[in-house]
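*Asks:* sequence first, then the predicted structure, then my questions.
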Amino acid sequence: MANIFKEHIASVPNFPNKGIVYRDVTPIVQDGKLYRLATHKLAEYAKSKKAEVIVGPEARGFIVGCPVATELGLGFVPARKPHKLPRPVVRASYDLEYGSNSLEMHKDAIKPGQRVVVCDDLLATSGTLRATKQLVETLGGEVVGAAFYVVLPDLNGYKKLSDLDIFSLVEFHGA
């Protein structure tokens, strides 16, 4: 099963910076049947974690997480880039392989004790996931798992979150 997803992920060398191989998941979402299958697999995982809400970081986390939330009949909470949300927010900063950024979430987006699964396209160094987890926890929620299309284990991002259950459709080793 993983091979069908892996075959549809485009590897783009030297993007966005020299030395980085970008794993582009848009071929999956462009194929309706494959997108539905990927969504279903992530939804099965979120259901197994007894998720009460799905959180997705901007921007590909919206593409991945919204259909998972819809399939499960759950709400979706966006973790947005700075200054995109109109009401009071909490903020967390993070580093990427090629820079740094911040994410924000409305202060009332997560209820205390709420079980959260984070959905995104790719886990590399874990900066985005750690910032998203920090936002959820600041608001009193509990991140019970994280689901991705792709994990890059060689970048060791998952090791920085050894206490968090992580699910992925595929892994890419090396460049």
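*Replies:* Received, thanks. Residues are numbered from 1 along each chain as shown.

*Asks:* now do the strands in the protein.
*Replies:* Counting by DSSP state E, the chain has strands at residues 10-13, 21-24, 53-57, 75-79, 89-96, 99-106, 115-123, 142-151, 166-171.

*Asks:* per-residue confidence at the closest residue to residue 38 other than its chain neighbours?
*Replies:* Leaving aside its sequence neighbours, residue 38 sits nearest to residue 28 (C-beta to C-beta, 6 or more residues apart in numbering; 5.6 Å). Where you see a C-beta, it was placed from the backbone N, CA and C, and this is true even at glycine. pLDDT recorded at residue 28 is 97.

*Asks:* hmm, residue 28 is touching residue 39, no?
*Replies:* No - using C-beta atoms under 8 Å, residue 28 makes no contact with residue 39, being 9.7 Å away.

*Asks:* for the two, indicate the residue with more neighbours.
*Replies:* residue 28 (26 against 23; other C-beta atoms under 10 Å).

*Asks:* ok, now which ones touch the more buried one?
*Replies:* Contacts for residue 28 (C-beta atoms under 8 Å, 6 or more residues apart in numbering) come out as 5, 8, 9, 34, 35, 38, 149.

*Asks:* switch the residues you listed over to JSON lines; also include pLDDT.
*Replies:* Below are the contacts of residue 28 laid out as JSON lines (pLDDT from 0 to 100):
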{"residue": "5", "pLDDT": "96"}
{"residue": "8", "pLDDT": "96"}
{"residue": "9", "pLDDT": "96"}
{"residue": "34", "pLDDT": "98"}
{"residue": "35", "pLDDT": "98"}
{"residue": "38", "pLDDT": "98"}
{"residue": "149", "pLDDT": "98"}
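
*Asks:* center of this structure - which residue?
*Replies:* For the chain, residue 120 is the residue whose C-alpha lies nearest the centre (C-alpha atoms, centre = their mean; 2.1 Å).
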